[in-house]
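> only the shape, not the letters, is given here:
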């Protein structure tokens, strides 16, 4: 059952005094050892600092004021902090203080563990969806019985929410309006592209002015269950507020030829550096100037798209939960192994001069 925002906020306020304890119990279960939680003193920060002692014990610090006052902070930590705890508890990870950002994207440069980033030095880790679903185990099972390529629907399908950098509404609602969010410009352009079904999934929780305008512009449609892409040749991956997270990985697992629109802000996930354009996906420019051309190419080059879909599927299938967990632990270990204290000088916001880094690690 999904609570209304008002009820959720009220419940959060009533439970605020016990939330640190509840969160500590959850993280302790993941660490398989007690974890204490303290205040980092970093107000307005989405950074979780996890300190590991020489005995392998973990302690965490965060913005406790935000935890008490903002239900979204507790929700984010509840769903995401366990990923960092599980990775850092690994025996090969050295003692030290590790900065982890539980936000959708990293907010500071340097060796910060995060799910998505466009900043230098970020140590990207698998997102909480990949973790919670054990590498999308259920989706892998469904993908095993997906229809063959030739039996799939060739209409290019996309559904999503009104998220992203920019405005959701403008006076003209022109697809050439750079102030509009990328997703809106994509949907507006697609109205004139044959063989597409690219619209926002407008639901009852949408703000009425946005829903009404999108309907008037012909870019609103109903929800489509994720399983529908099992029978589709093509899928689109486009950023929202950050990367679209599970969208790209699952569409590749499902055997779709993914038309990937470049991130306007340069966001990336943990596996992006291994992706190759025209091998694993069909690339589209961030300004969408070639969207119609690339979709037309896909419709005219069925065999090439079949090969791209097969490559993408093999790419995703090879990246199992255990493989990606091991690879991520090794990536963290390599980055920090060069600094005996666990963190390089000047890393994060305060570097090794902060209280967490300098206290006794015994």
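Yep, that arrived. Here the structure is a predicted model, which is why all the values come from computation and not from measurement.

> can you give me the strands for the stretch 201-350 of the chain?
In the stretch 201-350 of the chain, the strands defined using DSSP state E, counting those that start in this stretch lie at 220-221, 234-237, 257-261, 282-284.

> I'd like to know which of those lies nearest to residue 78.
strand 234-237 (27.0 Å; Cβ to Cβ). C-betas here are computed from N, CA, C, even on glycine.

> residues in contact with the closest one?
Contacts with strand 234-237, where a contact means Cβ atoms under 8 Å, 6 or more residues apart in numbering, come from 154-158, 186, 198, 229, 244, 247-248, 251, 254, 256-261, 281, 295, 298, 305.

> the stretch 51-200 of the chain: helices as residue ranges?
With helices called from DSSP state H, counting those that start in this stretch, the stretch 51-200 of the chain shows them at 64-69, 71-88, 128-132, 137-143, 182-190.

> which secondary structure elements does the last one contact?
The reference is to helix 182-190. strand 156-158, strand 196-198, strand 200-201, helix 291-300 (3 or more Cβ pairs under 8 Å, 6 or more residues apart in numbering; DSSP states H and E).

> out of the ones you listed, which gets nearest to residue 118?
helix 291-300 (21.7 Å).

> can you give me the buried ones in the closest one?
291-292, 294-295, 298-299 (16 or more other Cβ atoms under 10 Å).

> so what's the residue sitting nearest the centre point of the chain up against?
The centroid of the chain falls nearest to residue 245 when counting by Cα atoms, centre = their mean (3.5 Å). If you count contacts by Cβ under 8 Å, 6+ apart, residue 245 has them with 115-116, 127, 129, 269.

> spatially, which two of these are the most separated?
Put simply, by Cβ to Cβ the two of the contacts of residue 245 set farthest apart are 116 and 129, 11.8 Å from each other.

> so the two - more neighbours on which side?
Neighbours per residue, other Cβ atoms under 10 Å: of residue 116 and residue 129, the larger number sits with residue 116, 25 against 16.

> ok, the more buried one to residue 47 distance?
According to Cβ to Cβ, to the nearest Å, residue 116 stands 15 Å off from residue 47.

> and for residue 219?
37 Å.

> for residue 109, same thing?
Taking Cβ to Cβ, one finds residue 109 at 13 Å from residue 47.

> show me which of those two is the more surrounded one.
residue 47 (22 against 14).

> distance check, that one against residue 31.
19 Å.

> likewise for residue 163?
Applying Cβ to Cβ, the value for residue 163 to residue 31 is 32 Å.

> and for residue 52?
Look at residue 52 and residue 31: by Cβ to Cβ, they are 10 Å apart.

> circling back: quick check on the residue nearest to the centre of the chain: phi, psi?
Here is the backbone geometry of residue 245 (degrees, to the nearest 10): phi 50, psi -110.

> now, of the contacts of strand 234-237, which are buried?
By 16+ other Cβ under 10 Å, these give 156-158, 186, 198, 229, 244, 247-248, 251, 254, 256-261, 281, 295, 298, 305 as buried.

> run a quick neighbour tally on the closest residue to residue 256 other than its chain neighbours.
Spatial nearest neighbour of residue 256, chain neighbours left out: residue 235 (4.0 Å); criterion: Cβ to Cβ, 6 or more residues apart in numbering. By the measure other Cβ under 10 Å, the count of residues near residue 235 is 25.

> and residue 235, what pLDDT?
If you check residue 235, the pLDDT there is 99.

> would you turn the contacts of residue 245 into TSV with pLDDT and distance to residue 94?
TSV is the format used below for these (pLDDT from 0 to 100; distance: Cβ to Cβ, whole Å):
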residue	pLDDT	distance to residue 94
115	98	22
116	98	25
127	96	24
129	97	28
269	98	25
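
> who touches stretch 258-268?
105, 116-118, 124, 156, 165, 182, 186, 234-239, 242-243, 248, 251-252, 277, 280-288, 291, 294-295, 298, 308-309, 312.

> which among those end up buried?
105, 116-118, 124, 156, 182, 186, 234-239, 242-243, 248, 251-252, 280-284, 288, 291, 294-295, 298, 308-309, 312.

> domain assignment for the chain?
Per the record, the chain has its domains at 5-131+321-351, 137-318, by automatic domain parsing.

> low-confidence ranges in this structure?
Residues of the chain that meet the criterion pLDDT under 70 lie in 1-8, 10-13, 338-362.

> if we use 80, what do you get?
1-16, 338-362 (pLDDT under 80).

> thinking again about what came up before, closest to residue 174 among the contacts of residue 245?
Of the contacts of residue 245, the one sitting nearest to residue 174 (Cβ to Cβ) turns out to be residue 116, at 29.1 Å.

> what's near enough to touch residue 229?
By Cβ under 8 Å, 6+ apart, the contact list for residue 229 reads 157, 235, 250-251, 254, 256.

> go with 10 Å
143, 146, 152-153, 157-159, 235, 247, 250-251, 253-256, 258 (Cβ atoms under 10 Å, 6 or more residues apart in numbering).

> quick one: it from residue 80, how far?
On the measure of Cβ to Cβ, residue 229 and residue 80 end up 25 Å apart.
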